[in-house]
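Enquirer: model this:
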Amino acid sequence: MPRIARTVMLLVPVLLAACGNDDESVLAKSCVRDGGEQEYCQCRAEVLAADLGDDHRKLLVRMSDLGKDGATAEAAEEKIMQETDAADFMAFQFAVMGVSMKAERQCR
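Expert: Reported below is the predicted structural model:
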């Protein structure tokens, strides 16, 4: 296969990902960073981005960004808890749990 064709084939997934939803990209990268396979992580991110409400999706992206910046999962969760009230944080946890279960069924 010519070198240019190989280069284009390698760049297509990167370019498609760059055109996607920023939240999906952050969530997929976080999943891969945590050891998930690319295809599963992309599917999971799509389900999370589509099914979580805006506020919950933004909190999850915020947690993922904190992890990207080196925070442990526990430290990121603690930071989010400090930024929200207890009832909102519990609602967030339940929403993420429910949508994550859906994603698990659809993406595995």
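
Enquirer: what about Val99, how many residues close to it?
Expert: When counting by other C-beta atoms under 10 Å, one arrives at 21 neighbours for Val99. For every residue, glycine as well, the C-beta is placed using N, CA and C.

Enquirer: how close does it sit to Ala91?
Expert: 12 Å (C-beta to C-beta, to the nearest Å).

Enquirer: same check, this time on Glu78
Expert: If you go by C-beta to C-beta, the gap between Glu78 and Ala91 works out to 18 Å.

Enquirer: who has more neighbours out of those two?
Expert: Neighbour count, other C-beta under 10 Å: between Glu78 and Ala91, Ala91 has more, with 16 against 13.

Enquirer: all helices of the chain, in order?
Expert: Along the chain, counting by DSSP state H, helices occupy 3-19, 22-33, 38-51, 54-68, 73-83, 86-107.

Enquirer: turn these into a markdown table, columns for mean pLDDT.
Expert: Output for these, formatted as a markdown table (pLDDT from 0 to 100):
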| stretch | mean pLDDT |
| --- | --- |
| helix 3-19 | 42 |
| helix 22-33 | 92 |
| helix 38-51 | 95 |
| helix 54-68 | 91 |
| helix 73-83 | 89 |
| helix 86-107 | 94 |
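
Enquirer: how about His56, nearest residue that isn't a chain neighbour?
Expert: In space, and not counting its chain neighbours, His56 is closest to Ala95: 4.6 Å by C-beta to C-beta, 6 or more residues apart in numbering.

Enquirer: can you check Ala103 too?
Expert: Nearest residue to Ala103, sequence neighbours excluded (C-beta to C-beta, 6+ apart): Val47, at 3.9 Å.

Enquirer: alright, calling it a day.
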